[in-house]
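Asker: Sharing a model that was predicted from the sequence below.
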Amino acid sequence: MMDWQALALSVKLSLVTLLFLLPIGIFFGRWLAYRQFWGKSLLQSILALPLVLPPTVLGYYLLVIFSPNQGLGLWLVNTFGTTLVFNFEGLVLASIIFNLPFAIQPMQRAFASIPREIREAAACCGMSPKQVLWRIELPLAWPGILSAMVMSFAHTLGEFGIVLMIGGNIPNETQTIAISIYDKVQAFDDHSASVMAFSLLLFSMLTISFTYWLSDRFERSHV
Amino acid sequence: MSDLAIHINLQQQQPIPLAVQLTCQPGELLALVGPSGSGKTTILRAIAGLYQPQNGSIVCQGEQWQNSAQHFFLAAYLRHVGLVFQNYALFPHMTVLNNIQHALLDIPKQQRKIQALQLLKTVHLEGFEQRYPKMLSGGQQQRVAVARALARKPKVLLLDEPFSAVDQVTRRKLYRELHALRQKLAMPMILVTHDLEESTLLADRIALLHKGEILQIGTPEFISAHPKTATVARLMDQHNLFTAQVLEHDEKIKKTRLHWQGMTVESAYQPKFPVNSQVCWMIQSANVLLHRCDRPSNGDKENPLHGSIIEYMENNGLANLLVEIDPQLKIHIAMNVPLHVAKRNQLGLGKKIGLSLLSEGIHLMPYQAIRRDDMYPI
């Protein structure tokens, strides 16, 4: 049957990831949309890397970087007495990195689609950059921001390879629903696997439909 | 008394060359006119603080907005400018009322609505408070944009081709509205347009721009009749532009004589051009007179020419003619006559007519080569 513990862990991981990704995505998305700077395409390529890299490869490198035996991982152990492998915090960091393109790219597109004149008109109305962000940019970009959030959420929920690499398979600590499904299949518990797989499928379908519906509605009312 | 004008001085080579020195008085409407790419909009953006030219100083109503010598540049949101964008740039997610209120964020909330409603009344948009921009016509959107620009209590009102996105009929109506509105406004107003007719209709003075440089400033009528150079004449859409040689200056009868294509032409007395020098000259279409077959007059003796009509177009109660004086030299003169005169004289393609160039209307300019395709830029 449904592994509620694993599901709860997955949802918690997704929500915590979102909490970090929202400001990161808005900052980078806006920055990339409005600014031209040296090395912009390089930065964009690096941020897009998780789209094409096998999750296990990314997970492997994170495992190497944060291994408590050397370098950064060792420094973390010595300085904070903590490690980022095989625990929940490590999973959060991994899923933030893995979701960067899913969060930043839609937000970047959303910010870029606001005509320059509208932001300039706001400045001419006497709005400070902060007021322009809150009153003009965020309300106009919110369908993009929302869809980025929904995508990242659904994506984290189903992530497998990177979680297995850096988190392992520790119940209630790093065993997410995707890994639990794998476990059930390995244990020939086909019924539980199919219940969980179908729930995940349904949930993903619903979130994506919801995002499309929202952005469609927004476009019809404002553009 | 404090200085309520705006003084603009912008100089740069790259990326867009600019050489601009302008003053616009309070209540005055100055039009920046020029072909696309002449830098009009860049100047407007520099005034608004949306673009920072390399060298420049802008002082508006005694307040410094830019002074590159002192590395001072006031951000756009701290300048009190009202800018009406070409496509209005209304906030699409806000109602009309909210759009205007967002230019009033510096006053207490209760007063914002009162003032916004007043402004909507000024631009004749009562009853549209709760509409969204996309529910409005182009003309209505423009009026919201004007109201929003005025809400800022601007020290200068900037209009960036505000009539280009509406149809002809609406445009004429908005011209009248702007004309009426500006009587009530006491700040300097700067209009960017590539439409000569529009600037002649609305502006007190025009500044003619070419490649980022101001070629001439003055009233539209004066620049049309007295362009400084042939380039200005061409930009002012003057078709009768030629080159000639100065023959003599007759101080007694206050005339200058020119040698032009084997003929002698008498012009207004302009002794600053030396005898024997090459010059450019022009005459406005309105200063070319038709010899009327039914009623010859004394004026017919003034620089008389004969030719045949090779282009005939009726427009707005006028007949626009292109007359070929000499088929070999391809000398063409553009002129217009009232439609009823054209009808009475049975003007039409191929008709042979006589015409006179009024000597007082012949204006001399320094010599520059004139290409044929420059003369008819249609």
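Answerer: Ah, there it is. Residues are numbered from 1 along each chain as shown, chains lettered A, B, ... in the order given.

Asker: Can you show me the helices along chain A?
Answerer: Secondary structure of chain A by DSSP state H: the helices cover A:4-34, A:40-52, A:55-66, A:71-80, A:88-112, A:116-124, A:129-132, A:138-158, A:161-167, A:177-186, A:190-222.

Asker: The helix or strand in which B:Leu157 is found versus helix A:116-124: what angle between them?
Answerer: Assigned by DSSP states H and E, B:Leu157 belongs to strand B:156-160. If you take axes from the mean of the first three to the mean of the last three C-alpha atoms, to 10 degrees, strand B:156-160 sits at 170 degrees to helix A:116-124.

Asker: hmm, back to that, closest to B:Ala244 out of the helices of chain A?
Answerer: helix A:116-124 (48.0 Å; C-beta to C-beta). Every residue, glycine included, has its C-beta placed from N, CA and C.

Asker: Quick check: buried residues in that closest one?
Answerer: A:117-124 (16 or more other C-beta atoms under 10 Å in any protein chain shown).

Asker: same deal with stretch B:245-253?
Answerer: B:246-247, B:249.

Asker: Of the residues you listed, just say which sits nearest to chain A.
Answerer: Distance to chain A, by C-beta to the nearest C-beta, is smallest for B:Val246 among the buried residues of stretch B:245-253, at 51.0 Å.

Asker: Low-confidence stretches in the chain?
Answerer: Picking chain A for this. Across chain A, residues meeting the criterion (pLDDT under 70) sit at A:221-223.

Asker: Can you look at chain B instead?
Answerer: For chain B, the ranges with pLDDT under 70 are B:1-2, B:294-295, B:298-299, B:372-378.

Asker: mind listing what's buried in stretch B:54-71?
Answerer: Neighbour-count burial for stretch B:54-71 [16+ other C-beta under 10 Å]: B:56-61, B:65-68.

Asker: In strands only, show me the residues you listed.
Answerer: B:56-60, B:65-67 (DSSP state E).

Asker: Check which helix or strand B:Phe242 maps to.
Answerer: strand B:241-250.

Asker: Point out the other helices and strands that that strand packs with.
Answerer: With contacts defined as 3 or more C-beta pairs under 8 Å, 6 or more residues apart in numbering or on different chains; DSSP states H and E, strand B:241-250 has these neighbours: helix B:230-235, strand B:255-260, strand B:278-283.

Asker: what helix or strand is the residue of chain B positioned farthest from its centre on?
Answerer: Going by C-alpha atoms, centre = their mean, the residue of chain B most distant from its centre is B:Gln110, 41.8 Å out. In the assignment (DSSP H and E), B:Gln110 maps to helix B:109-122.

Asker: any idea of the angle the next helix or strand after that helix forms with helix A:116-124?
Answerer: Per DSSP H and E, the first helix or strand lying C-terminal to helix B:109-122 is helix B:138-151. With the same axes, to 10 degrees defining the directions, helix B:138-151 sits at 30 degrees from helix A:116-124.

Asker: tell me which strands and helices helix B:138-151 is in contact with?
Answerer: By 3+ C-beta pairs under 8 Å, 6+ apart, helix B:138-151 packs against strand B:81-84, helix B:96-101, helix B:109-122, strand B:156-160, helix B:168-182.

Asker: circling back to that earlier point, contacts with chain B among the buried residues of helix A:116-124, please.
Answerer: Contacts with chain B within the buried residues of helix A:116-124, counted by C-beta under 8 Å from any C-beta of the partner chain: A:117-118, A:120-124.

Asker: With just CA atoms, put stretch B:14-30 into PDB.
Answerer: Output of stretch B:14-30 as PDB, limited to C-alpha atoms (Å, rounded to 0.1, in the frame of the first residue of the first chain):
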ATOM      1  CA  GLN B  14      28.900  56.600 -29.300                       C
ATOM      2  CA  PRO B  15      26.800  54.500 -29.500                       C
ATOM      3  CA  ILE B  16      24.300  57.000 -30.900                       C
ATOM      4  CA  PRO B  17      25.800  60.400 -31.900                       C
ATOM      5  CA  LEU B  18      24.100  63.300 -30.200                       C
ATOM      6  CA  ALA B  19      24.700  67.000 -30.500                       C
ATOM      7  CA  VAL B  20      21.800  68.700 -28.900                       C
ATOM      8  CA  GLN B  21      21.300  72.000 -27.200                       C
ATOM      9  CA  LEU B  22      17.700  73.000 -26.500                       C
ATOM     10  CA  THR B  23      15.600  75.100 -24.200                       C
ATOM     11  CA  CYS B  24      11.900  74.800 -23.900                       C
ATOM     12  CA  GLN B  25      10.000  77.500 -22.100                       C
ATOM     13  CA  PRO B  26       7.000  76.800 -19.800                       C
ATOM     14  CA  GLY B  27       3.800  76.500 -21.700                       C
ATOM     15  CA  GLU B  28       5.700  76.000 -24.900                       C
ATOM     16  CA  LEU B  29       5.300  73.000 -27.100                       C
ATOM     17  CA  LEU B  30       8.500  72.100 -28.800                       C
END
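
Asker: So which bits of it are buried?
Answerer: Under 16+ other C-beta under 10 Å, the buried positions of stretch B:14-30 are B:18-20, B:22-30.

Asker: Work out the gap between it and the centre of the chain.
Answerer: Stretch B:14-30 has its C-alpha centroid displaced from the chain centroid by 14 Å (C-alpha atoms, centre = their mean, to the nearest Å).

Asker: Report whether it contacts chain A.
Answerer: No: counting by C-beta under 8 Å from any C-beta, chain A has no neighbours in stretch B:14-30; the shortest distance is 12.9 Å.

Asker: if we can go back for a sec, mind listing residues that contact the helix holding B:Gln110?
Answerer: For helix B:109-122, the surrounding residues in contact (C-beta atoms under 8 Å, 6 or more residues apart in numbering or on different chains) are B:96-97, B:100-101, B:104-105, B:107, B:126, B:128-129, B:147-148, B:150-151, B:181, B:184.

Asker: What residues of it count as buried?
Answerer: B:112, B:115-117, B:119-120.

Asker: Take those residues and lay them out in JSON lines including distance to B:Arg171.
Answerer: Output for the buried residues of helix B:109-122, formatted as JSON lines (distance: C-beta to C-beta, whole Å):
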{"residue": "B:Arg112", "distance to B:Arg171": "31"}
{"residue": "B:Gln115", "distance to B:Arg171": "28"}
{"residue": "B:Ala116", "distance to B:Arg171": "26"}
{"residue": "B:Leu117", "distance to B:Arg171": "27"}
{"residue": "B:Leu119", "distance to B:Arg171": "22"}
{"residue": "B:Leu120", "distance to B:Arg171": "21"}
